[in-house]
Structures are given as structure tokens and as C-alpha cells.
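*Asks:* next come a sequence and a model predicted from it.
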Amino acid sequence: METATFAAGCFWGVEEAFGALEGVASTAVGYLGGTTIDPTYKDVCSGRTGHAEAVQLCYDPLKVSYELLLDRFWSIHDPTQLNRQGSDPGAQYRSAIFCHGPEQEAAARRSKKALAESGRYKGPIVTEITTASTFYRAEDYHQQYLAKSGKGACRAIRSNVGR
């Protein structure tokens, strides 16, 4: 099993989009990429921690490739929106790929370059690609929130899947 971590807006919808893929064994929502140790949701929403809402996946690379995970990542959000997704503003909603090793980083950079050259978007791809640091698991009530609440997909994710 391997680990992958992505940020693409509200982590509830991102978790749902990745959790539906065959080969993804588990998902966890949390916070990554900032400076505050063990932040809470309230801390992250304040905009002072530097963390993004992120989803960490445990996946079987024999069933789902990292490249397929990258394809799903690009398809569920708008990577040209800086520090927001749809109507959700703030750096915690930024587009980011947090890499767990040089192979993931190389694949992420190739994928971003190919997307930028594809002409799919008029603006530049602002997705950050960085080495994963400490992942802080979000509070329990955030885990599998959409599945537990029966609320369906987040608006931003629903409007972007399959574009």
C-alpha cells in the first residue's frame, strides 16, 4: 500500500471523489502544508495556520496508479483558482499535491505540465507541488462527512467531475 495526499478545495468532496476509486483502501481528511502544530478546523479556517484542507489516501498501486489518482485530482477542481475553489475563499482551499517521495513529485510535475500544455484552461495552473509534511487528521466529525450526513457531493466537486 502507498500514500498520496491532495488538496482541492473543501475536503469533504475531495474525500468522496477519491474514496469512490477502486484500489483506494482508505481516506482521511485533515490539514497539511502549514506551520501550526496539531491545528483544529477552527484554526485552519482562521487563515493563520498556512494549512490546506487535504485528503490522505492509502491505495494499492497494483489496482490504481498514482497517475490515475492525478487524473482524478485534476478532474474534480479548477487548478487555476488561487487560494479558493468556487465560492470557498481562503488559502485552506488551495490546490496542492503533497508528494511522498521523488517518484510522486516527478509524476505530479509531468502531469501538471501536460495539463498546462493541453489548452484546457485559459489561465495558468496554480497548483502547488511540495513534499508532504506532517498530516494532521481532522476531527472525527469531518471523516467521511458526506457519506455519514447523506448530503451528497460538494457543489464545486460535483460541477467539476468529468469535465
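*Replies:* It's in.

*Asks:* drop to CA atoms for contacts and neighbour counts, all remaining ones
*Replies:* Fine.

*Asks:* ranges for the strands of this structure?
*Replies:* 2-8, 24-32, 52-59, 84-85, 88-89, 95-99, 128-131, 136-137 (DSSP state E).

*Asks:* so how far is the third one from its chain's centroid?
*Replies:* Here strand 52-59 shows a centroid-to-chain-centroid distance of 6 Å under the convention C-alpha atoms, centre = their mean, to the nearest Å.

*Asks:* who touches it?
*Replies:* With C-alpha atoms under 8 Å, 6 or more residues apart in numbering as the contact definition, strand 52-59 has outside contacts at 1-11, 14-15, 18, 23-34, 44, 91-94, 135.

*Asks:* just the buried subset of those residues, please.
*Replies:* Neighbour counting over the contacts of strand 52-59 (16 or more other C-alpha atoms under 10 Å) leaves 3-11, 14-15, 18, 23-24, 27-34, 44, 91-94, 135 as the buried ones.

*Asks:* for Ala132, what are its contacts?
*Replies:* Thr5, Leu32, Gly33, Phe98, Cys99, His100.

*Asks:* look through this structure and tell me its longest helix.
*Replies:* Determined from DSSP state H, the single longest helix within the chain is helix 102-118.

*Asks:* rewinding a little: now mean pLDDT and distance to Leu68 too, for the strands of the chain, in a markdown table please.
*Replies:* A markdown table is the format used below for these (pLDDT from 0 to 100; distance: least, C-alpha to C-alpha, whole Å):
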| stretch | mean pLDDT | distance to Leu68 |
| --- | --- | --- |
| strand 2-8 | 97 | 12 |
| strand 24-32 | 96 | 11 |
| strand 52-59 | 97 | 11 |
| strand 84-85 | 89 | 22 |
| strand 88-89 | 89 | 26 |
| strand 95-99 | 98 | 14 |
| strand 128-131 | 98 | 17 |
| strand 136-137 | 96 | 24 |
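
*Asks:* distance to Ser118 added to the ones you listed, as JSON lines?
*Replies:* Conversion of these to JSON lines gives the following (distance: least, C-alpha to C-alpha, whole Å):
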{"stretch": "strand 2-8", "distance to Ser118": "20"}
{"stretch": "strand 24-32", "distance to Ser118": "27"}
{"stretch": "strand 52-59", "distance to Ser118": "26"}
{"stretch": "strand 84-85", "distance to Ser118": "21"}
{"stretch": "strand 88-89", "distance to Ser118": "26"}
{"stretch": "strand 95-99", "distance to Ser118": "18"}
{"stretch": "strand 128-131", "distance to Ser118": "18"}
{"stretch": "strand 136-137", "distance to Ser118": "34"}
